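# sequence unknown, structure follows:
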DNA sequence: GTCTATACACCGATAGAC
DNA sequence: GTCTATCGGTGTATAGAC
């Protein structure tokens, strides 16, 4: 009976861990890393602050775990796409998915290129592994799309990849939501149209 | 002789005020509002922290003054443009100017839509006045450009204006600079090309 | 007005009882 | 493993001497 109870407890433990990451994800979206406090996280999950440290040894590790999970989900979304889609189609869809998730409150902020978090991310093997894998896939899609003649000739692959990363945390989304003139679906399509087609008349 | 010395002192005072704003601008660009401390500012200017409060009564007021000066300069840049330029040309040039300034370290970060700073900005008459004026000019340019058929039909004026705001603090710039494959001038032109022409082949 | 010193609050992390 | 209580450090803002 002990070999039944142990897996059960472990299940409980993992479930709480997921709940913590959910809270962190939404808090990162709301306030960003610097303004998010461990008290915020503990309050939202409904546990004591001290208990958080039984799961994650620091605030940076906590955020790294949340971001790692997010990157994994992005990879999963890429896996789910139909096999016959063109590269340009996949790139467009992954942006659409990102903005959609963000509007639902699940996708975080821009991790600033400086500061303690960035340093901690670099030291996280989990994070770096999945980040490297995702980056590789994006670059492959970019060069495939370029080979098919689907990408603008006056922007390099670097610009393509970084632009798509950045659009995931573009404040335009917040502005448009606050303006209130567009539905969520219209916001997503406007952003995709502006990113891929530009804002100048064609 | 007193009426000579008083304006001189006032001149000294104002000069120091400008020096403080310079320091704040570069610090905001480097670390953002949350991570910037009053000690940082005082150290960079070379004065004591307490003295800062003789010029600005709070950290938020300090940042608001720096951002207000930046918006004024943006307005000045719009004023400097040749009278015969088309609206689309002006919009393109103001983006080019923004990114150029940012690469030189003078343009701040993304002011997050939440937090103490945003609240303080809303209460600042100076900031709101110049922000409102600039917004008005941008909207006028957008609708003029649209009337001329120079803007994409599938993005609204809201999207045009907010997109240009957001491109001024787009992390793509940081990424490209870190990648090191493009010169500053190439970064500016890539961003302008990607924003106005999009990343999809035309 | 500029300095030094300090009050006051907040936050990350830890200790120790249960 | 969860809780309460607290330490140590940092940051904004102020007080008071000069």
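Perfect, I can see it now. Please read all numbers here as calculations on a predicted model, not as lab measurements.
# tell me how far residue A:142 lies from chain B.
Distance, residue A:142 to chain B, by Cβ to the nearest Cβ, to the nearest Å: 9 Å. Using the backbone N, CA and C atoms, a C-beta is placed for each residue, glycine as well.
# for that residue, give me its contacts.
Applying Cβ atoms under 8 Å, 6 or more residues apart in numbering or on different chains to residue A:142 gives the contacts A:87, A:91, A:151, A:157, A:160-161.
# check residue A:35 too.
Per Cβ under 8 Å, 6+ apart, neighbours of residue A:35: B:34, B:115.
# about what we covered before: possible to save the contacts of residue A:142 as TSV with neighbour count?
Formatted as TSV, these follow (neighbours: other Cβ atoms under 10 Å in any protein chain shown):
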residue	neighbour count
A:87	18
A:91	26
A:151	25
A:157	16
A:160	24
A:161	19
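# filter those residues down to the ones near chain B?
For chain B, the contacts drawn from the contacts of residue A:142 by Cβ under 8 Å from any Cβ of the partner chain are A:151, A:160.
# between the contacts of residue A:142, which is closest to DNA strand C?
residue A:161 (31.3 Å; Cβ to the nearest atom of the strand).
# secondary structure element for the closest one?
Under the criterion of DSSP states H and E, residue A:161 resides in helix A:157-167.
# does stretch A:24-34 reach chain B?
Yes: applying Cβ under 8 Å from any Cβ, one finds stretch A:24-34 in contact with chain B at A:30-32, A:34.
# coming back round to it: residues contacting the helix holding residue A:161, please?
Contacts for helix A:157-167 (Cβ under 8 Å, 6+ apart): A:91, A:94-95, A:98-99, A:110, A:135, A:138-139, A:142-143, A:145-146, A:151, A:155, A:191, A:195, B:170-172, B:175-176, B:179, B:181-182, B:190-191, B:194, B:199.
# can you say which of the residues you listed are buried?
Taking 16 or more other Cβ atoms under 10 Å in any protein chain shown as the criterion, what is buried in the contacts of helix A:157-167 is A:91, A:94-95, A:98-99, A:110, A:138, A:142, A:145-146, A:151, A:155, A:191, A:195, B:170-172, B:175-176, B:182, B:190-191, B:194, B:199.
# let me see the ranges of the helices in chain A.
For chain A, the helices defined by DSSP state H cover A:2-35, A:38-45, A:49-55, A:59-80, A:87-103, A:116-123, A:125-147, A:157-167, A:172-179, A:184-197.
# return the set of buried residues in stretch A:34-49.
Quick answer for stretch A:34-49 (16+ other Cβ under 10 Å): A:34-36, A:40-42, A:45, A:47.
# please name the nearest non-neighbouring residue to residue A:71.
Leaving out its chain neighbours, the residue that sits closest to residue A:71 by Cβ to Cβ, 6 or more residues apart in numbering or on different chains is residue A:130, at 4.6 Å.
# the one you found: neighbouring residues, count only.
By other Cβ atoms under 10 Å in any protein chain shown, the residues close to residue A:130 number 19.
# residue of chain A nearest chain B, please.
residue A:198 (3.1 Å; Cβ to the nearest Cβ).
# so where is chain A shaky, pLDDT-wise?
Counting by pLDDT under 70, the ranges of chain A that qualify are A:1-7, A:107-112.
# spell out which residues of it are next to DNA strand D.
Within chain A, the positions near DNA strand D by Cβ under 7 Å from any atom of the strand are A:13, A:16, A:46-51, A:54-55.
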